[in-house]
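> this is a predicted model, with the sequence first.
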There are 2 protein chains.
Amino acid sequence: MIIERIEARDIRFPTSRQKHGSDAMNPDPDYSCAYATLVMKDGQPGGNGLTFTIGRGNDLCVAAIQGLGAHLVGRSLDEFEADLGLASRLLLNDSQYRWLGPEKGVVHLAAAALINAVWDALAKRAGKPLWRYVSDMSPERIISALDFRHISDFLSKDEALERLKQQADGKDKRIATLLQDGYPAYTTSAGWLGYTDEAIVNLLKQAHADGWRHFKIKVGGDVAMDVRRCALFRDTLGSDVRLSVDANQVWSVDEAVAAVKAMAPYDIYWVEEPTSPDDVLGHKAIADRVAPILLATGEHAHNKVMFKQFLQAEAIGFCQIDSCRLAGVNEVIAVMLMADKAGIPVCPHAGGVGLCEYVQHLSMIDYVCISGTMEGRVIEHAAHLHEHFKNPIEIRQGRYMAPLAPGYSVDIYPQSLVDHEFPNGSVWAEEPVA
Amino acid sequence: MIIERIEARDIRFPTSRQKHGSDAMNPDPDYSCAYATLVMKDGQPGGNGLTFTIGRGNDLCVAAIQGLGAHLVGRSLDEFEADLGLASRLLLNDSQYRWLGPEKGVVHLAAAALINAVWDALAKRAGKPLWRYVSDMSPERIISALDFRHISDFLSKDEALERLKQQADGKDKRIATLLQDGYPAYTTSAGWLGYTDEAIVNLLKQAHADGWRHFKIKVGGDVAMDVRRCALFRDTLGSDVRLSVDANQVWSVDEAVAAVKAMAPYDIYWVEEPTSPDDVLGHKAIADRVAPILLATGEHAHNKVMFKQFLQAEAIGFCQIDSCRLAGVNEVIAVMLMADKAGIPVCPHAGGVGLCEYVQHLSMIDYVCISGTMEGRVIEHAAHLHEHFKNPIEIRQGRYMAPLAPGYSVDIYPQSLVDHEFPNGSVWAEEPVA
């Protein structure tokens, strides 16, 4: 089981044509992914991983996957199985590539795709969905995957191990619960900034009929419009459902405080990305001034050191891990352990393409191995592009059903890859690209 | 004066062969740059900019320059002259590229090369070295180059303008001082981690004879070796010179505190990059525990929001701006204004290739327009690779002489570009590349 080469493909979906995914910072995303395949010697089954982008620059992630991927070529799955931290160390500690981050931006996104591809290959070989593959490990084995450098002042290896051991009791019961009832979710699909009011009302009603009880809408255009949107939401669905809002980083600190206070009468569950995702102290200042409304952030928090600080500063009320902004499963588990220590619920960022497929596994690992609870926790859901996946998410009454197929769920159908490859796939040949 | 196209080249110098630049995190850097040229219509003079890397992945910056550079093509220098913030807005607000950061990593590095190339073109057209081009502007015009989003909670536009106006008096005198005496510096060239003790002793003695009085050595290998190196330094040069140390991010918080305390008897001027460059709160914790020794950081601080927090938290005693980690002259000026407000000296990161050529201009702008003083301020100096530049730095008795040639000083000789282009230049053809 030797990795012979890495295949990396530039896959883009023209979502901007319908304003799917539009928000205050990102008016016209084309949901895209740099798609990495571990091609094994003798045609043996390998693994797939992807990193999510919104269009231009996806080619940079593809190139970075090809460059960094050289570190994996020639190694066997046995090596990665024997040392769960190996892929992360090989990819994150290349000092020359590291300079370009460190541990952020294109290189980190590319590392995520590759590290996740290794986890996919290992889980597939074990015949288990990723969440179950990890859940069946001993606490010691899970810890062996993690790097505590630069976070040990907040969470030591010994503490983390102790917590996993504490939670080992009851794992079987929690696995059974997941298999029966799935995991709670919320939906973002009704509230994109580029949609008309009429479209939003219709989508909200439909989603409510489908069983959704927690919704998120995009704000940050201008305050008057934000307030009107919140009012529209409450007029449509009443007070018995949860409403979160997402500003996608556009505000400075004072602007954020003013906007959140204006929306406060509409009972806001969380305010997401109120300002720069790098601004730990800014989030803290906003949080203090808008309490008891809580902040959520993380989809652009680029590594465990950023999450450590958001948690240390008590700046966030919800921890929104991203499956491929962080460097794959290893770094995500480290962050979930820190969130658990801080008593902050993990509510993953999803949507885009492949993110829902990914993060369902991560929330389930959090539930089974780390936090032991679903209380206050929800996985994001967006309705687009699942038809391209061999093992798409399954939603029932606003909950993610536990995935059962072996692996990490991001295998895309070959024909979808061919059609959406940029710039020559048929979807892109249809119309001229700017 | 229309930009017809962007030329981007992958230029690498094989510095790892002699361990130049080796430190605890980066054992074998090949100093490199992604070199951007604004090629003008009808062969009119354009501008050059570069972003610095240490080898592998330089190709990603080249590709990002080509991709992002499309935003500049077809525009005239007049437009950029009329609106000094235009290039930054075009390059940093492309929402699809922005997703890959935001404002960090490969995309931000590439934006820096392009933004600096525009400044180079404007200064050349004005017939002035960049520092003088900016120094001759009105406060209002300098402010027009800056973006206060996400920093206005620490420094407002009005405050910044007020400060520049306050310092407008005396500019002529300070310009005259610079032209006569230059700007103080320190040298890093004697203390790379990969050098032998004997090499270091010889280099220190030579540098002292050349007039240097402030030195920096690399630490972070192991504490006993760090202490031995500090002792070697004091044994060689005595107590009458300044010693700073640079750990290049390798420590966690507790390790940093222990190591700094062990070196404290050797009179350490600053401790640089003691831990992760993303860790504002970690720096603050270390600073509190090793006081009165001061911390310095910034060469990997990726944007103005990071610097804002280091300053707000009072985590650093020296602000080490980088000329192409930050998005060019615009973002650097914003950071220097914040450092001035906080009363923290700006001591730029340099070395590598082209960084000394760049940052001399920035410290001179800081002196003439912002802080009005050189007190406690030094520009980093490293001796390598200046021979490839048409207008290299000029050092006299440990001071940078004010550059006089028009532009931003990073024009590389055509033959150097040809010889060092990766992977086909003659320097790289000499021996196989791993």
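In hand now; what should we look at? In this text, all values refer to a predicted model and were calculated from it rather than measured experimentally.

> who's in contact with the residue of the stretch 51-200 of chain A found nearest chain B?
Proximity of the stretch 51-200 of chain A to chain B (CB to the nearest CB) peaks at A:Gly105, 1.4 Å away. Using the backbone N, CA and C atoms, a C-beta is placed for each residue, glycine as well. Listed by CB atoms under 8 Å, 6 or more residues apart in numbering or on different chains, the contact partners of A:Gly105 are A:302, B:100-101, B:104-108.

> and which of those is nearest to A:Ala247?
B:Gly101 (17.7 Å; CB to CB).

> how about low-confidence regions in the stretch 51-200 of chain A?
Of all residues in the stretch 51-200 of chain A, none has pLDDT under 70.

> out of the contacts of A:Gly105, which is most surrounded?
For those, neighbours were counted using other CB atoms under 10 Å in any protein chain shown, and B:Val106 has the most, 36 neighbours in all.

> quick check: phi and psi at that one.
phi -50, psi -40 (degrees, to the nearest 10).

> the nearest residue to A:Lys157 once chain neighbours are set aside and B:Val39, how far apart?
If the residues on either side of it in the chain are set aside, A:Lys157 comes closest to A:Phe148, at 5.0 Å by CB to CB, 6 or more residues apart in numbering or on different chains. Applying CB to CB, to the nearest Å, the value for A:Phe148 to B:Val39 is 49 Å.

> go on, A:Tyr358?
43 Å.

> show me which of the two is the more surrounded one.
Neighbour tally, A:Tyr358 and B:Val39, criterion other CB under 10 Å: the higher count belongs to A:Tyr358, 29 against 14.

> is the more buried one within a helix or a strand, and which one?
Element membership for A:Tyr358 (DSSP states H and E) is helix A:355-365.

> any residue of that helix touching chain B?
No - figure legend: helix A:355-365 not in contact with chain B (CB under 8 Å from any CB of the partner chain); closest approach 12.7 Å.

> show me what that helix is packed against.
The contact analysis (3 or more CB pairs under 8 Å, 6 or more residues apart in numbering or on different chains; DSSP states H and E) places helix A:355-365 against helix A:130-135, strand A:183-187, helix A:328-342, strand A:379-381, strand A:399-400.

> ok, and what's touching the second one?
Among residues not part of strand A:183-187, those counted as contacts by CB under 8 Å, 6+ apart are A:207, A:212, A:214-216, A:242, A:244, A:360, A:363-364, A:367, A:374, A:377-383, A:395, A:398-400, A:402.

> enumerate the positions of the following helix or strand past it that are buried.
Towards the C-terminus, the helix or strand next in line after strand A:183-187, according to DSSP H and E, is helix A:197-209. Buried residues in helix A:197-209, defined by neighbour count with 16 or more other CB atoms under 10 Å in any protein chain shown: A:200-201, A:203-204, A:207-208.

> nearest to chain B: which residue in the stretch 251-400 of chain A?
Counting by CB to the nearest CB, the stretch 251-400 of chain A gets nearest chain B through A:Val253, at 3.9 Å.

> was I right about that residue contacting A:Ile286?
Yes - if you go by CB atoms under 8 Å, A:Val253 and A:Ile286 touch, sitting 5.8 Å apart.

> just checking, A:Ile3 is part of a strand?
Yes - checked against DSSP: H, G, I helix; E, B strand; the rest coil, A:Ile3 lies within a strand.

> wait, what's in contact with it?
Here A:Ile3 is in contact with A:38-41, A:46, A:72-77 (CB under 8 Å, 6+ apart).

> OK, contacts around the residue most central in space within chain A?
The residue lying closest to the centre of chain A (CA atoms, centre = their mean) is A:Asp322, at 2.9 Å. Residues counted as contacts of A:Asp322 (CB under 8 Å, 6+ apart) are A:298-301, A:348-349, A:355, A:359.

> again, 10 Å this time
A:51-52, A:109, A:112, A:298-302, A:332, A:335, A:348-350, A:352, A:355, A:358-359, A:362 (CB atoms under 10 Å, 6 or more residues apart in numbering or on different chains).

> now swap in A:Leu243 and tell me
Contacts of A:Leu243 by CB under 10 Å, 6+ apart are A:186, A:191, A:214-217, A:229-230, A:233-234, A:237, A:263, A:266-270.

> these in helices, which ones?
With helices defined by DSSP state H, the entries of the contacts of A:Leu243 inside them are A:229-230, A:233-234, A:237, A:263.

> list the contacts of the residue nearest to A:Ala382 when sequence neighbours are not counted.
Closest residue to A:Ala382 apart from its sequence neighbours, by CB to CB, 6+ apart: A:Gly351 at 3.5 Å. Neighbouring residues of A:Gly351 by CB under 10 Å, 6+ apart: A:20-21, A:29, A:31, A:52, A:187-189, A:192, A:216, A:299, A:359, A:380-385.
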